[in-house]
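S.K.: Fold the following for me, if possible:
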Amino acid sequence: MRGAGGIRRATIALSVAAAGLVLWAFAPWRSQPAIVVPAGSFVASGPADRAVLWAVGDGADGGAAAKALARLIAGGPVDRFLYLGDVYGGGPRSALRGDGTARDMRERYATVYGALAGRTAPTPGNHEWPQRGDGYEPYWRGVTGRSPPAFYAFTTAGWEVLSLNSEAPHGPRSVQLRWLRSRLSARRGTCRLAFWHRPRFSAGRHGDQRDVAPLWDALRGRAVLVVSGHDHNMQRLRPVDGITQVVSGAGGHSRYGLRRDRRLAFGDDRRFGALRIDLRPGRALLRFVAFDGRVLDRSSLRCRQPSARSA
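M.R.: Predicted coordinates:
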């Protein structure tokens, strides 16, 4: 056995017989319990022919702007809501313990997005992940009855949707990257949408997040869309490696300015808004919608339909 100075990550492998897959989860810090991946999918698959997804992050602060945007989304149609991370704290207790505590999830997240909880596919942000054992995990366990895996997948409208995790280990030897590569190798085609908190490419304050390159590189030739938050604005970048990076972080907490960047096909740093994704087999319609209902940007993507790999 290794001593205290050895490897700190613990991995748990569970065989999911119904799907014939092996899902992995882990605790990257010794102070946190290992995440147990429940049998079956954390988020149920959606309609097979068409689906409406909404995606936004950086809005769980309990404020008026975030609530107005959440009401727009909840007004529908919405089959799945992708929350892109960051739950903010309130009061001196949160300031001492960090954001994303149990109180923050209850008073800051649930008061904004609670009505969408049954349709939500979350990914954690950098604010709530360090305190996930106190806030993020118990909250979603209370909603779903299952411990939330660090990363997972579901299908809808002919697309595979991958909830990845920019806050958990994602390097070349990580469990997450091995899981992702295994998942991608099982089905061909590019009809995949991946989402995680910190974007690979951004013209905002935080800029490009080079450390998440392994996730992006694994998706090359296997996906056409990556959606992230973290920068508090709306961005649609021109495709890189055949993948369109979209940033939807104007959830209502604050706004970050955009710099001039030739990669930007669309950018807005003045309004709060969210991304609506209409999925059909082989195509996706993207719309950035302001909290007052105005469509700010419209674009479309096409993908190659996946097919099961021959045994």
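
S.K.: Nearest residue to Asp86 in space, please, no chain neighbours.
M.R.: With sequence-adjacent residues excluded and distances taken as CB to CB, 6 or more residues apart in numbering, Asp86 is closest to Gly125, at 3.5 Å. Placement of C-beta: from N, CA and C, glycine included.

S.K.: and that neighbour, what is it in contact with?
M.R.: Each residue near Gly125 by CB atoms under 8 Å, 6 or more residues apart in numbering is listed here: 57-58, 84-87, 100, 167, 197, 229-230.

S.K.: quick one, strands of the stretch 51-200 of the chain?
M.R.: Taking DSSP state E, counting those that start in this stretch as the test, the strands found in the stretch 51-200 of the chain are 51-56, 80-83, 120-122, 152-156, 159-163, 192-195.

S.K.: what would those strands look like in CSV with distance to Arg302?
M.R.: As requested, those are exported to CSV (distance: least, CB to CB, whole Å):
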stretch, distance to Arg302
strand 51-56, 16
strand 80-83, 21
strand 120-122, 23
strand 152-156, 17
strand 159-163, 12
strand 192-195, 13
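
S.K.: Looking at these, which is nearest to Tyr136?
M.R.: Among these, strand 120-122 comes nearest to Tyr136, with 7.8 Å by CB to CB.

S.K.: My understanding was that Pro124 contacts Gly133; is that so?
M.R.: No: taking contact to mean CB atoms under 8 Å, the distance of 11.7 Å between Pro124 and Gly133 leaves them out of contact.

S.K.: Residue ranges in the stretch 201-311 of the chain under the pLDDT threshold?
M.R.: For the stretch 201-311 of the chain, the stretches flagged by pLDDT under 70 are 306-311.

S.K.: Secondary structure element holding Leu285?
M.R.: Per DSSP states H and E, Leu285 falls inside strand 283-290.

S.K.: and the angle for that strand with strand 159-163?
M.R.: What separates the directions of strand 283-290 and strand 159-163 is an angle of 50 degrees, with axes from the mean of the first three to the mean of the last three CA atoms, to 10 degrees.

S.K.: Quick one: distance of the next helix or strand after strand 283-290 to the chain centre.
M.R.: Sequence-wise, the next helix or strand beyond strand 283-290 is strand 295-302, with elements assigned using DSSP H and E. The chain centre lies 19 Å from the centre of strand 295-302; the measure is CA atoms, centre = their mean, to the nearest Å.

S.K.: buried sites along strand 295-302?
M.R.: 296-297, 301 (16 or more other CB atoms under 10 Å).

S.K.: Give me the sheet partners of that strand and which way each runs.
M.R.: strand 283-290 (antiparallel) (DSSP bridges).

S.K.: Outside of the strand it pairs with itself, list whatever touches it.
M.R.: By CB under 8 Å, 6+ apart, the list of residues contacting strand 283-290 from outside reads 72, 159, 193, 224-225, 234, 236, 246, 248, 266, 268, 271-278, 295-303.

S.K.: Report the buried residues of it.
M.R.: Going by neighbour count (16+ other CB under 10 Å), the buried part of strand 283-290 is 283-284, 286-290.

S.K.: Specify the angle between that strand and strand 51-56 in degrees.
M.R.: Interaxial angle of strand 283-290 relative to strand 51-56 (the same axes, to 10 degrees): 40 degrees.

S.K.: Restrict strand 283-290 to CA atoms and write it as PDB.
M.R.: Presented in PDB, the C-alpha positions along strand 283-290 are these (Å, rounded to 0.1, in the frame of the first residue of the first chain):
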ATOM      1  CA  ARG A 283     -28.700  19.500 -36.700                       C
ATOM      2  CA  ALA A 284     -28.900  22.200 -33.900                       C
ATOM      3  CA  LEU A 285     -30.300  25.700 -33.900                       C
ATOM      4  CA  LEU A 286     -28.600  28.000 -31.400                       C
ATOM      5  CA  ARG A 287     -30.100  31.200 -30.200                       C
ATOM      6  CA  PHE A 288     -28.900  33.700 -27.600                       C
ATOM      7  CA  VAL A 289     -32.000  35.100 -25.900                       C
ATOM      8  CA  ALA A 290     -31.900  38.200 -23.600                       C
END
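
S.K.: which stretches of the stretch 51-200 of the chain have low pLDDT?
M.R.: In the stretch 51-200 of the chain the weaker segments, taking pLDDT under 70 as the threshold, are 91-97.

S.K.: Could you double-check that Val52 lies in contact with Pro77?
M.R.: Yes: shown here, Val52 and Pro77 form a contact pair, counting by CB under 8 Å, at 4.6 Å.

S.K.: List the contacts of Asp261.
M.R.: Contacts of Asp261 were listed using CB under 8 Å, 6+ apart, and they are 203, 267.

S.K.: if I look at it, how far off is Asp269?
M.R.: Using CB to CB, to the nearest Å, we find Asp261 at a distance of 12 Å from Asp269.
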